[in-house]
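Chemist: Predicted model, plus sequence, below.
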Amino acid sequence: MAAEQVSARVDSWIWSVRLTRTRSIASDACRGGHVRVNGVRVKPAHAVRVGDEVRLRHEGHERIVVVSRLITKRVGAAVAAECYVDKSPPPPPREETVQVAVRARGAGRPTKRERRSLDKLFGRPAVERRSRPE
């Protein structure tokens, strides 16, 4: 029988347990400072061990997982879920997400009427009009 693994590369492990779609995305996240192991920013080749806490900022939210088993090959989702304990905070409710105004590409600058409706939508104060000098 093969000896039990003691450590694995953090980028390989993140990809293997399906926290990212590709290993290159996992490596780029490490290089960009979006991966922390036990509170320390790490490079892609950093060794991760059982019991380590891995924090990954990816696609707008943070995943916090504790390593419970080491793997280096990508496996099915059910097996991958057994390799970590998820301690991530729940996603914010939909009401708290901020609405973003989207304009059609090539539509140009907003007209005065559109700008006023956008100001009203976002709760901005109305701009005072200057009176003509008499």
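Modeler: Structure received.

Chemist: residue closest to the middle of the chain?
Modeler: The centroid of the chain falls nearest to residue 58 when counting by C-alpha atoms, centre = their mean (2.4 Å).

Chemist: Could you verify my assumption that that residue touches residue 29?
Modeler: Yes. Using C-beta atoms under 8 Å, residue 58 is in contact with residue 29, at 6.1 Å. For the C-beta atoms, the positions are set from N, CA and C on the backbone; glycine is no exception.

Chemist: Common neighbours of those two, please.
Modeler: Here residue 58 and residue 29 share the contacting residues residue 20, scored by C-beta atoms under 8 Å, 6 or more residues apart in numbering.

Chemist: Can you give me the buried ones in the helix or strand encompassing residue 24?
Modeler: Residue 24 belongs to helix 23-31 when assigned by DSSP states H and E. With burial defined by 16 or more other C-beta atoms under 10 Å, the residues of helix 23-31 counted as buried are 23, 25-27, 29-30.

Chemist: For that helix, which helices and strands make contact with it?
Modeler: helix 10-16, strand 53-58 (3 or more C-beta pairs under 8 Å, 6 or more residues apart in numbering; DSSP states H and E).

Chemist: what's next to it, contact-wise?
Modeler: Under C-beta under 8 Å, 6+ apart, the answer for helix 23-31 is 10-12, 14-15, 19-20, 35, 42-44, 46, 56-58.

Chemist: returning to that earlier point: and of the buried residues of helix 23-31, the nearest to residue 105?
Modeler: For the buried residues of helix 23-31, the closest approach to residue 105 (C-beta to C-beta) belongs to residue 25, at 27.0 Å.

Chemist: Pick the most deeply packed of the helices and strands packed on helix 23-31.
Modeler: Mean neighbour count (mean count of other C-beta atoms under 10 Å) peaks for helix 10-16 among these, with a mean of 24.
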